[in-house]
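Colleague: Structure for this input, please:
(2 chains)
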Amino acid sequence: MEVLLPLLAAVLVATGVFLVLTRAMIRLIIGLSLIAYGANLSILLAGGAALRTPPLLNLDGPYVDPLPQALILTAIVIGFGTTSLLLVLAVRAFGATGTDHVQELLEKPDPVLRQRIYADPERPSVSPETQDAPRAQGPL
Amino acid sequence: MPRDRCEEAVNVLTLPVLLPLFGGTLLLLIKRPQGRAGVGTAAALLTLLASCWIAVRSFSGTVLVTQLGGWPAPYGITLVADGLTGVMLLLSGVTGLMTVIYAASSLQHAPRRGGTPVLSRARERLGTPALLQFLLMGVNMSFLTGDLFNLFVSFEVMLVASYGLLLIGGELPQLREGFKYVVVNLVASAIFVAAAGLAYGLFGTLNMADIAARLQDVSGDPRVTLIVLLLALVFATKAAVFPFGFWLPYSYPVVPGAVGAFFGAVLTKVGVYALLRLFTLLTPGETALKNGLLILATLTILIGALGAVSQRRWRHLLAFANVASVGYLVLGLSSGALAPTLYYLIHSVLVIFTLFSLAGLAELVAGGRFGDGHSEGHLGAYPLLGAVYFVSALALAGLPPTSGFIGKFALVQVLLGSGGLLRVFASVVAVASGLLLLYAAMGIWRGFFWGADDAVHRPPLPKGMLRVTGAAGGLLVMLAIASGPVYALAERVAVQLERPADYISHVVPEGDAP
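Modeller: Numbers count the residues shown, from 1 in each chain, chains lettered A, B, ... in the order given. Modelled structure (predicted):
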C-alpha cells in the first residue's frame, strides 16, 4: 500500500500533465481532473495510509485520521464544480468556433457571436476585442 | 496570556464573510434591478462598517481571534485579524462598496440591446451583483482565515465568483480568455491542495499559527522548503508574478468594465497578501527562495512596464500596469522592506482602482481604444476626469508629490540600504520602469484627453460612476496628504508582522497545544 499509492499518485499526475500539454480541450479537462485526483491521493497518503480501524468509539484503536478524508471530500466537491464549469465553457467555445483545438480557439477571430450580440446598427460595437476589426462606422 | 481579550473579540470577525454571503443570496431572490442595487449597496456598506471596526481594533496592536464553533485552535477553523488583515479588509471593503455603486449606476445608461463593455442589463439580470458579493466574501475570507486549507477554500469561493463574472455574457473573447483563466487557476488549486496535504503530513496541523509554532521541530528538513516552494508557486500564480502571470493582462480586460476595477485593484493583491503571510509567518528563513522571488519580481516590473507601453487600449494598458505594481509589491516583500510594501499596497489598490474606473467611463465616451486619431480632445468636455486621470497617472508612475513617489522612494531606499548587486539592479529597474509607466500613461493623455476636440457625439455619463471615480481619486490624494500617519501605521503593522510570536501566542495559547 505505502509503495503502491505514491506510485499511483505519480502516474496520475504524470498522465494529467501529459494530457494538459495536448491541444484538445476535452483531453485538457480530463488531464486537469487526473492532476486533481493525484493531489487528493497525496493528501490521503499524508494522513497515513496504514490499514487502521475507522474512527468510531465502539471500535478499538489505533484509528485512522479522519481529517484528510474531510479535506479530500471538500477538494472533490470544489473540483466537481469547477470541472463542470470548464466543460460548459468548452461546449460554448466549441459552439462558437467549431473547434476543440485550444490554439485555434485562441487565434480565431469570431464571425458568429459578434453578429448575434453586436448587431445593433445604431450603436457600433465598442467591445475591446471587436475594436481590432477595421472600423467601418467611424467614431461614435 | 490575555485569554479574556480573545473571547471578547467575538464574532465580529465573521461579519465580513457572512454579510456578503447573505447579501448575495438575497440578491438572487430580488426581481427588480433597483431593489438589487439597493440591497447590494447596503450589504457592501455593512461589510465596510464591520471591516472598519475590525481594522480599528487591529491597528491598536491586538490580534483578534475567533475560534469557529468554539473548537480550540488547532482542531477547528480560526479566524484571525492582525494589522495586515485590518489593512486588507479596509481596502477590500472600500473598493467593494465603490464597485457595487459603480456597477449599479453603470446600468442607468445601458442600452436595452447590444452589449456595452461596462455592464449590460442582461448580464446584470444573470447575477452580476450577486457574484460580486460572493467575490467580496471569498476575498474577505482569505484575509481573515488562519487555516491553510480554509485559505484554499476561500480562494476557490473567490475564483468561482470571478469565473462567473468573467464569463457572464459568453462572448468569444470572454470564452477564450476565460478558458485560459480557469485552466491556470485549476492547476494552481491542485498544487495548493497537494501542498496543504503535504503540510498536514509533515506538521500534523493545518492551522497556520500552529504550523509556525512547530517550525523549530522540523528545522533543516528539506520537505519544509518543498512545501514553501509549492505554496509560493501557487500564490505567485494568483498574484501574476512573472512567469506565472501570463494569464492576467488579456483576461482582465474582458471582465465587464463595471467590476473590472475590483478585479484589478483587489484580486491580484490577494496573492500578494498570501505571499506576505507565507514569508512572515510560515517561513521567516528561506533566503534563497526570497532572492529567487526578488529576481522574478524585478522581471515582473519590467514586463509590466514594457507591456503597458506597447498597448493601445485603456484596460489592456492598465492590466499591464497592474502587473508592474504587483512586481513592486513582491520586490518589497522579498527584500524584507515590509513597511514600504504595505504603504505601496494601499497606494496600488487605490491607483489601479481609480484608473480602471476611468477606463470604464472612457469606454462609454470613446470605446476602449485611445490614440487612433478617431476620438480625442475630451479634456474640454470632461475636465474633472482629466484632473483625476492626471493625478492617478502621476501616482502610477511614482512622481512627486503623489503617494506613488513616497512608496517607491521608501522601497528603493531600503533596497539600496541593504546593498548587494542584485538589489541595486532591482532598484534601477524599479526607477526606470516608473519612467516607462509614465510614458505609457502619457499615451492615454495624448490620445484621449489632449488634442483637437473633434468628437461629434458625447454620451451623458452616469452620475454614480463619475462620483465613484472622483471619490477614488480623492482617496488617492488623501493618501498622499496623509502619508505621514499612513506610513506610521504601515510601520506598526510591519513590526507586528516581523514578530510572528505575538500572532502565534494569540491563536494557539501556550500549553494548550497538544
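Colleague: all helices for chain A, in order.
Modeller: A:4-20, A:25-46, A:67-97, A:102-107, A:112-117 (DSSP state H).
Colleague: To chain B, which of these lies closest?
Modeller: Smallest distance to chain B across those (Cβ to the nearest Cβ): 2.9 Å, for helix A:25-46. In this view, the C-beta of every residue, glycine as well, is placed from N, C-alpha and C.
Colleague: could I get the helices of chain A as JSON lines with mean pLDDT, mean neighbour count and distance to B:L19?
Modeller: Below are these laid out as JSON lines (pLDDT from 0 to 100; neighbours: other Cβ atoms under 10 Å in any protein chain shown; distance: least, Cβ to Cβ, whole Å):
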{"stretch": "helix A:4-20", "mean pLDDT": "93", "mean neighbour count": "15", "distance to B:L19": "38"}
{"stretch": "helix A:25-46", "mean pLDDT": "91", "mean neighbour count": "21", "distance to B:L19": "32"}
{"stretch": "helix A:67-97", "mean pLDDT": "89", "mean neighbour count": "17", "distance to B:L19": "23"}
{"stretch": "helix A:102-107", "mean pLDDT": "76", "mean neighbour count": "15", "distance to B:L19": "39"}
{"stretch": "helix A:112-117", "mean pLDDT": "42", "mean neighbour count": "15", "distance to B:L19": "35"}
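Colleague: Where does the stretch 51-200 of chain B get nearest to chain A, which residue?
Modeller: Nearest to chain A in the stretch 51-200 of chain B, going by Cβ to the nearest Cβ, is B:G197, at a distance of 3.2 Å.
Colleague: Please report how far the closest residue to that residue other than its chain neighbours lies from A:L71.
Modeller: Sequence neighbours aside, A:I43 is the residue nearest to B:G197 in space, at 3.2 Å (criterion: Cβ to Cβ, 6 or more residues apart in numbering or on different chains). A:I43 is 5 Å from A:L71, where distance means Cβ to Cβ, to the nearest Å.
Colleague: now A:N40
Modeller: Distance, A:N40 to A:L71, by Cβ to Cβ: 8 Å.
Colleague: Likewise for B:G127?
Modeller: According to Cβ to Cβ, B:G127 stands 30 Å off from A:L71.
Colleague: Ok, which of the helices of chain A comes nearest B:G451?
Modeller: The closest of the helices of chain A to B:G451 is helix A:112-117. By Cβ to Cβ, the value is 29.4 Å.
Colleague: dump the residue contacts of the spatially most central residue of chain B.
Modeller: The centre of chain B sits closest to B:V266, judged by Cα atoms, centre = their mean, with a distance of 2.2 Å. By Cβ atoms under 8 Å, 6 or more residues apart in numbering or on different chains, the contact set of B:V266 is B:L91, B:S92, B:T95, B:G96, B:V139, B:V349.
Colleague: could you say which helix or strand contains the second one?
Modeller: I take that to be B:S92. With secondary structure defined by DSSP states H and E, B:S92 is part of helix B:83-106.
Colleague: swap in the fifth one?
Modeller: Using DSSP H and E, B:V139 sits within helix B:128-144.
Colleague: Packing partners of that helix?
Modeller: Packing contacts for helix B:128-144, counted by 3 or more Cβ pairs under 8 Å, 6 or more residues apart in numbering or on different chains; DSSP states H and E, involve helix B:15-29, helix B:33-59, strand B:78-81, helix B:83-106, helix B:148-167, helix B:257-262, helix B:268-277.
Colleague: one more time with 7 Å, if that's ok
Modeller: Counting contacts by 3 or more Cβ pairs under 7 Å, 6 or more residues apart in numbering or on different chains; DSSP states H and E, helix B:128-144 packs against helix B:15-29, helix B:33-59, strand B:78-81, helix B:83-106, helix B:148-167, helix B:268-277.
Colleague: Dump these into TSV; add mean pLDDT as well.
Modeller: Shown next, in TSV, are these (pLDDT from 0 to 100):
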stretch	mean pLDDT
helix B:15-29	93
helix B:33-59	92
strand B:78-81	91
helix B:83-106	93
helix B:148-167	93
helix B:268-277	93
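Colleague: Does the very next helix or strand once past the helix holding B:S92 reach chain A?
Modeller: Per DSSP H and E, the first helix or strand lying C-terminal to helix B:83-106 is helix B:121-125. No: using Cβ under 7 Å from any Cβ of the partner chain, helix B:121-125 stays clear of chain A, coming no nearer than 9.4 Å.
Colleague: List the buried residues in helix B:121-125.
Modeller: Buried residues in helix B:121-125, counting neighbours by 16 or more other Cβ atoms under 10 Å in any protein chain shown, are found at B:R123, B:E124.
Colleague: re earlier: can you list residues touching both of A:I43 and A:L71?
Modeller: B:G197 (Cβ atoms under 7 Å, 6 or more residues apart in numbering or on different chains).
Colleague: any idea of the mean pLDDT for the helix or strand where B:F425 lies?
Modeller: Taking DSSP H and E as the criterion, B:F425 maps to helix B:421-444. Per-residue pLDDT over helix B:421-444 has a mean of 92.
Colleague: returning to what we had before: now the helix holding B:V139 and helix B:83-106, what's the angle there?
Modeller: Interaxial angle of helix B:128-144 relative to helix B:83-106 (axes from the mean of the first three to the mean of the last three Cα atoms, to 10 degrees): 170 degrees.
Colleague: how about the residue minimising distance to the centre of chain A, what does it touch?
Modeller: With distances taken as Cα atoms, centre = their mean, A:T83 lies nearest the centre of chain A, 4.5 Å away. By Cβ under 7 Å, 6+ apart, the residues touching A:T83 are A:I29, A:L32, A:S33.
Colleague: Tell me the one of the residues you listed nearest B:A397?
Modeller: Of those, the one sitting nearest to B:A397 (Cβ to Cβ) turns out to be A:L32, at 39.8 Å.
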